[in-house]
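In: below is the structure, and that's it, no one-letter string:
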């Protein structure tokens with residue numbers, strides 16, 4: 001299956017109604033077809049890993065093609081330079097999260113980029129830091145507690161960012177770290193309780209939402225087991 005054929009398949013699934021629905025959830029880009037995620041994932045399985053094709057798909061600036069690019073790219077071929085070029089292209093939370101969860105978290109530089117991008121000014125570049133961190137907290141089962149503990153001060157620092165897509169990602173990262181084990185859960189709860197006292201509506205929202213889940217019976221039962 002070559003590039004031209006793939007682009008025809010994507011275009012054949014164009015759905016203006018889906019595009020309108022995506023926009024209501026803040027998913028916008030220069031060009032969007034509205035291809036359903038299951039279709040993209042099925043297509044990605046048929047294609048397999050293809051770094052060169054992923055680069056071509058990303059260059060289209062079409063949201064759906066970029067989503068597919070994150071699924072077919074090979075993390076072993078991804079460079080730091082590519083990560084920098086792509087992160088600067090992020091124009092929606094959907095593309096940001098797809099790149100971080102489908103691709104970037106499997107690279108050797110994922111933790112470094114969490115730290116680096118957390119200081120970025122651009123909304124989706126900063127979101128990428130915490131989306132990536134949330135993904136690592138779920139997938140990197142072998143990581144020591146310290147690998148995540150060092151991010152608590154960064155989470156506290158950036159919790160005061162009032163921008164919607166940043167604060168939601170900061171919250172996401174805090175919750176995922178706090179669900180890894182009982183030790184990190186206690187520390188995440190302590191961090192969140194301290195954030196409730198900050199003079200920031202964003203920090204207080206993050207804290208309240210995180211505490212609701214981290215102290216909830218479902219999470220506590222799972223951690224005890």
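Out: Here it is on my side, so go on. Here the structure is a predicted model, which means the values were calculated and not measured. Residues are numbered from 1 along each chain as shown.
In: and the strands in the chain?
Out: Taking DSSP state E to define them, one finds no strands in the chain.
In: care to break it down by domain?
Out: Domains of the chain are assigned by automatic domain parsing as 1-77, 94-225.
In: which one of those domains is the most hemmed in?
Out: Highest mean neighbour count among the domains of the chain (mean count of other Cβ atoms under 10 Å): domain 94-225, with a mean of 19. To be clear about C-beta, it is placed using only N, CA and C from the backbone, and glycine gets the same treatment.
In: ok, longest helix in the protein?
Out: Ranked by residue count and defined by DSSP state H, the top helix of the chain is helix 123-139.
In: by contact count, what packs against that one?
Out: Using 3 or more Cβ pairs under 8 Å, 6 or more residues apart in numbering; DSSP states H and E as the contact criterion, the elements in contact with helix 123-139 are helix 80-87, helix 93-102, helix 110-117, helix 145-149, helix 152-158, helix 164-178.
In: where in this structure is pLDDT low?
Out: Scanning the chain with the threshold set as pLDDT under 70 gives 29.
In: redo that, cut-off 90
Out: For the chain, the stretches flagged by pLDDT under 90 are 1, 14-32, 225.
In: relative to helix 93-102, how tilted is the longest helix of the chain?
Out: In this structure, helix 123-139 runs at an angle of 40 degrees to helix 93-102, with axes from the mean of the first three to the mean of the last three Cα atoms, to 10 degrees as the basis.
In: residue 219 contacts residue 186, correct?
Out: No. Between residue 219 and residue 186 no contact is recorded; they are 11.9 Å apart, counting by Cβ atoms under 8 Å.
In: next, format the helices and strands packed on helix 123-139 as CSV and append distance to residue 50.
Out: Supplementary listing: the helices and strands packed on helix 123-139 in CSV, determined by distance: least, Cβ to Cβ, whole Å:
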stretch, distance to residue 50
helix 80-87, 14
helix 93-102, 14
helix 110-117, 21
helix 145-149, 31
helix 152-158, 34
helix 164-178, 29
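In: which one of the ones you listed lies nearest to residue 62?
Out: Taking Cβ to Cβ as the criterion, helix 93-102 is the member of the helices and strands packed on helix 123-139 that comes nearest to residue 62, at 10.3 Å.
In: by how many degrees do that closest one and helix 80-87 diverge?
Out: Compare the direction of helix 93-102 with that of helix 80-87 by the same axes, to 10 degrees and you get 150 degrees.
In: packing partners for helix 93-102?
Out: Using 3+ Cβ pairs under 8 Å, 6+ apart as the contact test, the elements touching helix 93-102 are helix 63-72, helix 123-139, helix 164-178.
In: not counting that helix itself, show me its contacts.
Out: Contact partners of helix 93-102, identified using Cβ atoms under 8 Å, 6 or more residues apart in numbering, comprise 22, 26-27, 29, 63, 66-67, 70-71, 86-87, 89-90, 124, 127-128, 131-132, 135, 165, 168-169.
In: that older thread, mind giving me CSV with the helices and strands packed on helix 93-102 and columns for distance to residue 53?
Out: Formatted as CSV, the entries for the helices and strands packed on helix 93-102 read as follows, by distance: least, Cβ to Cβ, whole Å:
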stretch, distance to residue 53
helix 63-72, 6
helix 123-139, 23
helix 164-178, 28
